[in-house]
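*Asks:* below: sequence and its predicted model.
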Amino acid sequence: MSLHLMSNYKRATFEEDEVADIPADGAISPDSVEVGFRKGGIQLLGTLGQRTQLEVVLSGLLVASLLALFGCVLALGVRCSTDPARTLCLTEACVTVAGKIIEALDPQADPCQDFYQYACGGWVRKNPLPDGRSRWSTFNSIWDQNQAVLKHLLENGTFNSSSEAERKTQQYYLSCLNEQRIEELGAQPLIDLINKIGGWNITGSWDKDNFMEALKTVSGPYRAQPFFSVGVSVDPKSSNSNVIQVDQSGLFLPSRDYYLNRTANEKVLKAYLEYMVELGWLLGGDRNSTQAQMQQILDFETALANITVPQDERRDEEKIYHKLTIAELQLWAPTVDWLDYLSAVLAPLELNDTEPVVVYAKEYLQQVSDLINRTDRSLLNNYMMWNLVQKGVSSLDQRFENAQDKLLESLYGTKKSCTPRWQTCIGNTDDTLGFALGALFVKATFDKHSKEIAEEMINEIRSAFKEALDKLTWMDKQTREAAKEKADAIYDMIGFPDFILENKELDDVYDGYEVTEDNFFQNMLNFYNFSARVMSDQLRKPPNRDQWSMTPPTVNAYYMPTKNGIVFPAGILQAPFYARDHPKALNFGGIGVVMGHELTHAFDDQGREYDKDGMLRPWWQNASVEAFKNRTECMVDQYSQYSINGEHINGRQTLGENMADNGGLKAAYHAYKSWVKANGEEKRLPALGLTNDQLFFVGFAQVWCSVRTPESAHEGLMTDPHSPPRYRVIGTLSNSPDFAQHFGCAVGSPMNPGHHCEVW
């Protein structure tokens, strides 16, 4: 079993991934902010002074329900036909979850005017953004809980694992916690590394003739990505083999728009330059010369941003896929010696110039080759070393963290981070040894029945999706049958990959990664070296179908087009998405919609280009392709009209995720209705006054209750392929006739505009 140390080139996720290179969101302790949904029941007894508002609501619910029951019996002396015990679910779990739903609702809001306000208004009012956070949501809340579990496991005095990988995990975590040692070392580890590679003009003398050597070193063993990125992943047009992949890269800020739209982003660009200068100075540079040289690097990144192709123009994968030999790539982008470069990055593999390479940014590579050719060598060296410096600073002392905090404030609106060190370290450990950490998490928390129940639900949702295919008038018969075959072939992975529970297999995955308890910086460098070796090792091996690119504690899910697989880590298989003792209406509205979302990704504007075996090839009839494109334009136009703080959503950039949200909701709702037909109507939750059909839609919407800073919202609009949470609710539900029917929304009301966009 191999470890996936690079993110897949293409991966459709349920929720935005946290920014990888800049850990923008620290997490505050779950003990200090009581939000979201906690595992287990809540004690209903105790003095009023000690009880939370939620507990008061819950006990009121229980008392009201019991009074209704006993009042009925006393008045008539017989069992009433409307006996609450027969129509209401009065278990502790039902009463508890009903209280949480009530707390989150805004009963004053009209569900047909603004369903997000109706479902989440109470939650938003009760959840001011925690200090040091740029956003707060159900996802953050669950991740906080998961981190607290992991902290307990790693800091437990009796930690005694027979797995070497699990022991490495604890050592890595403790090296990150050892701030005293990190402060003692100061900037020296990174200064030593810079000197080892050949120096940096900003902090001292540099090797003037080593452009290729520096490029090979920073992007080989140290995994930085100046100019372009190199990876090894499944060949989309030959999904039974891996191939070298090259793409555009090299910008530090989250999107090219930060560099090019200077008026809107002046504050960020100023803060970025200050950050660059501060880091150069902390590493030994002179303030004045550092300022001038960092300005040149920023100007160079702006030139890169100018030739970088925007996300929304890269959605047609047939169009951007180019397979070349190294010799052909050399002719296309001649400034770099590609055979020398790729041989170094993928050492110790033997490559020659007939080796195939899949390029996703052909024009960009030609332009970047020209840009390198006409740029001064000292600036190229400064820029490459700056890429390396960015990889190293997060493992250095507090001064570097303080410098980063100022940049994060301008980018995401977060004040000086209040994140306790242990949470930062859990996040780092998850990024580095996430499957060994996941083994600890799964053994401590995962309910083995969850896997079987989740598989059953996926099959119910798959059936509902296939039934809906029969009702699509725009799709020809041949394409429809092929689509059903693809749906049947979707492979699901739930909870965790099996290998993590086998000590030998888990240890083999991390074999060769050296970890010590007293040098966090060295552990990080060792990991970059180790992951480079793992990457090169993948090239001559067939793709592993069971390879995951999300760790088990992650609160997310994803679809892999080249494997036609969907993955649901253990982290998301908990309340409010799923709980064994919750009504089915809530489970289908929560994890059911997540499952439907990932399944629909197989048929979104990108996923539909891959066949049932994960091959990128045309398998649709032309007439159906045209009809599909017409329907997707409806969705592009719909979402492009929505705005946050006066800034519009990019309906083309978010198209795939919007399609998945819409298709996922429809499939999950119809699967729920099939379940009711087979099993009978469930008891209702007390005190809500909602039917179970209405509860399904409320449960779906409340997953998306969230708050974020204006800066973070702006960043999301530029970089995130998902729409903002508010419009994931409003956009999806306003396209659903089932929703309009159950909430009685008149045609022409905001939540039932009369014209629905529907693809799947």
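*Replies:* Structure's in. What do you need? Numbering: from 1, shown residues only.
*Asks:* got the buried residues for the longest strand seen in the chain?
*Replies:* Determined from DSSP state E, the single longest strand within the chain is strand 238-248. Under the neighbour-count criterion of 16 or more other C-beta atoms under 10 Å, strand 238-248 has Ser238, Ser239, Asn242, Val243, Ile244, Gln245, Val246, Asp247, Gln248 buried. Where you see a C-beta, it was placed from the backbone N, CA and C, and this is true even at glycine.
*Asks:* and the first one, what pLDDT?
*Replies:* By that I understand Ser238. On the pLDDT scale, Ser238 is placed at 93.
*Asks:* does it touch Gly614 like I think?
*Replies:* No: the pair Ser238 / Gly614 is not scored as a contact, 9.9 Å apart, by C-beta atoms under 8 Å.
*Asks:* and the contacts of stretch 468-485?
*Replies:* 466, 487, 603, 611-612, 619-621, 623-624, 627-628, 630-631, 666-667, 670, 760 (C-beta atoms under 8 Å, 6 or more residues apart in numbering).
*Asks:* need the residues that contact stretch 163-173.
*Replies:* Outside stretch 163-173, the residues touching it (C-beta under 8 Å, 6+ apart) are 154, 159, 161, 425-426, 428-429, 432-433, 435-437, 439-440, 503, 506-507, 509-510, 513, 515-517, 523.
*Asks:* for ChimeraX, write the select line for the buried members of those.
*Replies:* A single ChimeraX command selects the buried members of the contacts of stretch 163-173 (16+ other C-beta under 10 Å):
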select :154,161,425,426,428,429,432,433,435,436,437,439,440,506,507,509,510,513,515,523
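*Asks:* just the contacts of stretch 163-173: which are in helices?
*Replies:* Taking DSSP state H as the definition of helices, these contribute 154, 425-426, 428-429, 432-433, 435-437, 439-440, 503, 506-507, 509, 523.
*Asks:* coming back round to it: let's have the buried residues of strand 238-248 in a markdown table, adding distance to Leu539.
*Replies:* Listed next are the buried residues of strand 238-248 as a markdown table, based on distance: C-beta to C-beta, whole Å:
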| residue | distance to Leu539 |
| --- | --- |
| Ser238 | 13 |
| Ser239 | 15 |
| Asn242 | 6 |
| Val243 | 8 |
| Ile244 | 7 |
| Gln245 | 11 |
| Val246 | 13 |
| Asp247 | 16 |
| Gln248 | 21 |
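*Asks:* and Arg580, how far is that from Glu317?
*Replies:* 39 Å (C-beta to C-beta, to the nearest Å).
*Asks:* of the two, which one has the most company?
*Replies:* In this view Arg580 and Glu317 are compared by other C-beta atoms under 10 Å, and Glu317 has more residues nearby, 19 against 11.
*Asks:* does the residue found closest to Leu298 once you drop the neighbours it is linked to in the chain sit in a helix, a strand or a coil?
*Replies:* Nearest residue to Leu298, sequence neighbours excluded (C-beta to C-beta, 6 or more residues apart in numbering): Leu273, at 5.7 Å. Following DSSP: H, G, I helix; E, B strand; the rest coil, Leu273 is assigned to helix.
*Asks:* what's near enough to touch Leu273?
*Replies:* If you count contacts by C-beta under 8 Å, 6+ apart, then Leu273 has Met294, Gln295, Leu298 around it.
*Asks:* these two touch, right, the last one and Ala271?
*Replies:* In this case it means Leu298. No: contact criterion C-beta under 8 Å: Leu298 and Ala271 do not qualify, at 11.5 Å.
*Asks:* how about stretch 412-419: buried residues?
*Replies:* Neighbour count says stretch 412-419 has Tyr412, Gly413, Thr414, Ser417, Cys418, Thr419 buried, by 16+ other C-beta under 10 Å.
*Asks:* that older thread, buried subset of the contacts of stretch 468-485?
*Replies:* 466, 487, 603, 611-612, 619-621, 624, 627-628, 631, 666-667, 670, 760.
*Asks:* confidence score at the nearest residue to Gly413 once chain neighbours are set aside?
*Replies:* For Gly413, ignoring the flanking residues on the chain, the nearest one in space by C-beta to C-beta, 6+ apart is Thr709 at 2.9 Å. With respect to pLDDT, Thr709 has a value of 95.
*Asks:* and Lys208, by the same measure?
*Replies:* So Lys208 comes in at 83 (pLDDT).
*Asks:* let's verify it: helix, strand, or coil?
*Replies:* Secondary structure for Lys208, judged by three-state DSSP, is coil.
*Asks:* surely it is in contact with Asn382?
*Replies:* No: with contact defined as C-beta under 8 Å, Lys208 does not count as touching Asn382 (11.9 Å).
*Asks:* between these two, which has more neighbouring residues?
*Replies:* A direct count of neighbours by other C-beta under 10 Å for Lys208 and Asn382 places Asn382 higher, at 20 against 12.
*Asks:* tell me the spacing between that one and Phe446.
*Replies:* For Asn382 relative to Phe446 (C-beta to C-beta), the value is 48 Å.
*Asks:* again with Leu253
*Replies:* 38 Å.
*Asks:* same question, Pro552
*Replies:* With C-beta to C-beta as the criterion, Pro552 and Phe446 are 8 Å apart.
*Asks:* got it, and Pro753?
*Replies:* 42 Å.
*Asks:* residues near Trp675, how many?
*Replies:* 20.
*Asks:* what is the one helix or strand it maps to packed up against?
*Replies:* Per DSSP states H and E, Trp675 falls inside helix 655-679. Taking 3 or more C-beta pairs under 8 Å, 6 or more residues apart in numbering; DSSP states H and E as contact, the helices and strands that helix 655-679 lies on are strand 12-13, helix 448-470, helix 584-587, helix 593-601, helix 622-640, helix 692-702, helix 725-733.
*Asks:* 7 Å instead, please
*Replies:* Helices and strands touching helix 655-679, by 3 or more C-beta pairs under 7 Å, 6 or more residues apart in numbering; DSSP states H and E, are helix 448-470, helix 584-587, helix 593-601, helix 622-640, helix 692-702, helix 725-733.
*Asks:* tilt between the fifth one and helix 725-733?
*Replies:* Between the axes of helix 692-702 and helix 725-733, defined by axes from the mean of the first three to the mean of the last three C-alpha atoms, to 10 degrees, the angle is 150 degrees.
*Asks:* distance between the following helix or strand past helix 692-702 and the chain's centre?
*Replies:* Remark: after helix 692-702, the chain's next helix or strand is strand 706-708, criterion DSSP H and E. Mean C-alpha position of strand 706-708 versus that of the full chain (C-alpha atoms, centre = their mean, to the nearest Å) differs by 16 Å.
*Asks:* flag the helix or strand of the protein with the lowest per-element mean pLDDT.
*Replies:* helix 53-76 (a mean of 44; mean pLDDT, DSSP states H and E).
*Asks:* any low-confidence regions in the stretch 1-150 of the chain?
*Replies:* Residues of the stretch 1-150 of the chain meeting the criterion pLDDT under 70: 1-11, 17-85.
*Asks:* ok, now the stretch 401-550 of the chain?
*Replies:* Ranges of the stretch 401-550 of the chain meeting pLDDT under 70: 416-417.
*Asks:* can you rerun that using 80?
*Replies:* 415-418 (pLDDT under 80).
*Asks:* I'd like to know how far the residue nearest to Gly413 sits from Leu437.
*Replies:* From Thr709 to Leu437 the distance is 29 Å (C-beta to C-beta).
*Asks:* from Asn630, how far out is Leu371?
*Replies:* 39 Å.
*Asks:* next, give phi and psi for Ser229.
*Replies:* phi -110, psi 150 (degrees, to the nearest 10).
*Asks:* give me the neighbour count for it.
*Replies:* Ser229: 19 neighbours (other C-beta under 10 Å).
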